[in-house]
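Chemist: here's my sequence, what's the structure:
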Amino acid sequence: MKPRVVLGLFLALLLVVPLVMPPFYVTLLNYIGLYALVALGLVLLTGVGGLTSFGQAAFVGLGAYTTAVLTTATELPAWLAWAGGSPWLALFVGLVFTATVALVLGSMTLRLSGHYLPLGTIAWGISLYFLFGTLETLGGHTGLTGIPPIAVFGYELTDGSQIFYLIWVFLLSAVFTTQNLLDSREGRAIRALKGGMVMAEAMGVDTARSRMVIFVIAALHACASGWLYAHMQRFVNPTPFGLHIGIEYLFMAVVGGAGQVWGALLGAGVITIAKQWLQDLLPKLFGQSGNFEVIFFGLMMVVILQRAREGLWPLVARLVPVRATRRTLDAAAEPLPRKPLPARGEVILEAKEVTRKFGGLVANNAMSLTVKAGEILALIGPNGAGKSTMFNQISGVDTPTSGEVLFLGQSVAGHGSREIARMGMSRTFQHVKLLPTMSVLENVAIGAHLRGGKGVFPAAWRL
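Modeler: Numbers count the residues shown, from 1 in each chain. Next up is the predicted model:
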């Protein structure tokens, strides 16, 4: 069965759901759509980019509170008065505001690594949560009421079955743009963040920019979810935007498949439905009320991490007979233009008295070499002699303690490998740094990253 046929059947099912299902289940599907939109951002951020975030619920809150304030306030500052009362204008303001906040938080948080990064996201997630409950403008812990419904072509979406289609249009649009993005020049750079950053930088990829891009995109997905949530509920308070909900969003991404775009939808569905059933079933089973579903989710997470580390989506995909599309080289494509080569015999690379010390250990001691155009030069020595360290000094992966490296007459010592790659010099690695989640063709295409210039939006919308 072709992917388009499966997708068509899925869309047809979505069209009839509000017409044949009871309101309770339609509402449940609305929440699944809202949660999946946030989880999709986490798939991009955590599963693909390798950046763990527990603070996405705070971005949902930014979207919800922005539209709540703009559509219910009787008086607004002059510079915001144009957006008052209109949910659609409030969405625009919310996206701009959330992107700005994400840029500020990302500039501080994304510099962290290891366990410090998730701890940083917990810190600002908790801070924003308490900010929502503290500000009187936002109604404190009581919240804001009287949020108007969204109107589409003059038709107000006042109940769950009416807003259902809008929620799923937002979700499916986000799914398709995310798939397009990952299957592009920018997407290959993003997919190289998890396990291939050194290689990607050597090919000219700005990994810091790629990290920021997915951080902002994930925040925008959460903001859109918050906007839809506020106008569906017609009321907001801080409770749905706390740390515990942020952990649930991460659960959804991991359970569905942290590296799978459609896994966000599956994970949101499994967690939401299971939570609903367990809240009804477990108190009857244990004879008392309590948050027993949290214990169950914890155990389920341990089992999935042990037995299905890629999540549930790969298991489901095996059951659906969808023929995968194979990517091949286009025989009719024009070859890339060759850059002008230096004259044979011209000195293109020169290292002068390069020394690299690691504390008391001297890895390279006053090393000098010259490479001319058309020449193959070998650096030979036993294990531990400092060969790889010398390549690191030349290519910008590391910085010499002293000495000078010249490429085409320009000093490159102390410059990053990405900057040196843009000048025309790159490297391979002793241990080949292929990315196992990408095809051979895609791995090779990363090497041509600097030959392209299209950004995120052209990639996401197939422009």
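
Chemist: surely A151 touches P87?
Modeler: Yes. Applying Cβ atoms under 8 Å as the test, A151 and P87 come out as touching, 7.3 Å apart. The C-beta positions use only the backbone N, C-alpha and C, and glycine is treated the same way.

Chemist: and the two? Which one has more around it.
Modeler: Neighbour totals were compared for A151 and P87, and P87 leads with 22 against 14 (other Cβ atoms under 10 Å).

Chemist: what's the pLDDT at that one?
Modeler: The score at P87 is 94. That number is its pLDDT.

Chemist: ok, and the closest non-adjacent residue to it?
Modeler: Leaving aside its chain neighbours, P87 sits nearest to I150 (4.8 Å; criterion: Cβ to Cβ, 6 or more residues apart in numbering).

Chemist: can you tell me the element L131 falls in?
Modeler: helix 116-134 (DSSP states H and E).

Chemist: list the buried ones in that helix?
Modeler: Across helix 116-134, burial judged by 16 or more other Cβ atoms under 10 Å covers L117, P118, G120, T121, I122, W124, G125, I126, L128, Y129, F132, G133.

Chemist: would you map the strands across the stretch 201-350 of the chain?
Modeler: In the stretch 201-350 of the chain, the strands defined using DSSP state E, counting those that start in this stretch lie at 235-236, 347-358.

Chemist: list the contacts of G160.
Modeler: Each residue near G160 by Cβ atoms under 8 Å, 6 or more residues apart in numbering is listed here: P18, P23, V26, T27, N30, M232.

Chemist: what's the pLDDT at it?
Modeler: 89.

Chemist: was I right about V69 contacting L144?
Modeler: Yes. Counting by Cβ under 8 Å, V69 does reach L144; the two are 7.1 Å apart.

Chemist: overlap in contacts, the two.
Modeler: In contact with both V69 and L144: L138, using Cβ under 8 Å, 6+ apart.

Chemist: circling back to that earlier point, next up, phi/psi of the residue nearest to P87, please.
Modeler: phi -80, psi 140 (degrees, to the nearest 10).

Chemist: that one pairs with what?
Modeler: Counting by DSSP bridges, I150 is bridged to L157.

Chemist: circling back to that earlier point, JSON lines for the strands of the stretch 201-350 of the chain, including mean pLDDT and distance to L377?
Modeler: Listed next are these as JSON lines, based on pLDDT from 0 to 100; distance: least, Cβ to Cβ, whole Å:
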{"stretch": "strand 235-236", "mean pLDDT": "95", "distance to L377": "66"}
{"stretch": "strand 347-358", "mean pLDDT": "95", "distance to L377": "9"}
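
Chemist: for the protein, give the helix that spans the most residues.
Modeler: Identified as the longest helix of the chain according to DSSP state H is helix 207-233.

Chemist: just want the angle from it to helix 116-134.
Modeler: Helix 207-233 and helix 116-134 are oriented at 30 degrees to each other (axes from the mean of the first three to the mean of the last three Cα atoms, to 10 degrees).

Chemist: in helix 207-233, what's buried?
Modeler: In helix 207-233, counting by 16+ other Cβ under 10 Å, buried: 207-208, 210-232.

Chemist: what separates that helix from the chain centre, distance-wise?
Modeler: Chain-centre distance of helix 207-233: 10 Å, with Cα atoms, centre = their mean, to the nearest Å.

Chemist: sorry, back to before: okay if I get the strands of the stretch 201-350 of the chain as CSV plus mean neighbour count and distance to E375?
Modeler: As requested, the strands of the stretch 201-350 of the chain are arranged in CSV below (neighbours: other Cβ atoms under 10 Å; distance: least, Cβ to Cβ, whole Å):
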stretch, mean neighbour count, distance to E375
strand 235-236, 22, 68
strand 347-358, 17, 9
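
Chemist: adding distance to T389, write those out as JSON lines.
Modeler: Shown next, in JSON lines, are the strands of the stretch 201-350 of the chain (distance: least, Cβ to Cβ, whole Å):
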{"stretch": "strand 235-236", "distance to T389": "56"}
{"stretch": "strand 347-358", "distance to T389": "6"}
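
Chemist: nearest approach to L341 belongs to which of those?
Modeler: Closest approach to L341 among the strands of the stretch 201-350 of the chain (Cβ to Cβ): strand 347-358, 9.7 Å.

Chemist: strand 347-358 and the next helix or strand after the closest one, what's the angle between them?
Modeler: Sequence order places strand 361-372 as the next helix or strand after strand 347-358, per DSSP H and E. Note on geometry: by the same axes, to 10 degrees, strand 361-372 and strand 347-358 are set 180 degrees apart in direction.

Chemist: name the helices or strands packed onto strand 361-372?
Modeler: strand 347-358, helix 387-395 (3 or more Cβ pairs under 8 Å, 6 or more residues apart in numbering; DSSP states H and E).

Chemist: between these, which gets nearest to G106?
Modeler: Ranking the helices and strands packed on strand 361-372 by proximity to G106 (Cβ to Cβ) places helix 387-395 first, at 27.8 Å.

Chemist: just the residues contacting the helix or strand of the chain with the lowest mean pLDDT, thanks.
Modeler: Taking mean pLDDT, DSSP states H and E as the measure, helix 292-307 is the helix or strand of the chain with the lowest mean score, a mean of 80. Applying Cβ under 8 Å, 6+ apart, the contact partners of helix 292-307 are 248, 251, 254-255, 271, 274-275, 278-279, 282-283, 286, 311-312.

Chemist: just give me the closest of the residues you listed to N365.
Modeler: Using Cβ to Cβ, V254 comes nearest to N365 of these, at 48.2 Å.

Chemist: tell me the pLDDT at the closest one?
Modeler: V254 is assigned a predicted lDDT (pLDDT) of 90.

Chemist: re the thing from before, of the contacts of helix 292-307, keep whichever come out buried.
Modeler: Buried subset of those (neighbour count, 16+ other Cβ under 10 Å): E248, F251, V254, V255, I271, A274, K275, L278, L282, G311, L312.

Chemist: which ones are touching the last one?
Modeler: The contact partners of L312, taken as Cβ under 8 Å, 6+ apart, are V255, G256, G257, G263, L266, G267, V270, I304.

Chemist: between those, which is nearest P240?
Modeler: Of all the contacts of L312, G267 has the smallest distance to P240: 17.9 Å, by Cβ to Cβ.

Chemist: list the contacts for the closest one?
Modeler: Counting by Cβ under 8 Å, 6+ apart, G267 touches A36, A39, F251, M252, A253, V254, V255, G256, G257, G311, L312, W313.

Chemist: one more time with 7 Å, if that's ok
Modeler: Contacts for G267 (Cβ atoms under 7 Å, 6 or more residues apart in numbering) come out as A39, M252, A253, V255, G256, G311.

Chemist: circling back to that earlier point, tabulate the buried residues of helix 116-134 (CSV), appending pLDDT and distance to G447.
Modeler: Formatted as CSV, the buried residues of helix 116-134 follow (pLDDT from 0 to 100; distance: Cβ to Cβ, whole Å):
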residue, pLDDT, distance to G447
L117, 92, 28
P118, 92, 32
G120, 94, 33
T121, 94, 33
I122, 95, 37
W124, 94, 37
G125, 94, 38
I126, 95, 42
L128, 94, 41
Y129, 94, 44
F132, 94, 46
G133, 92, 50
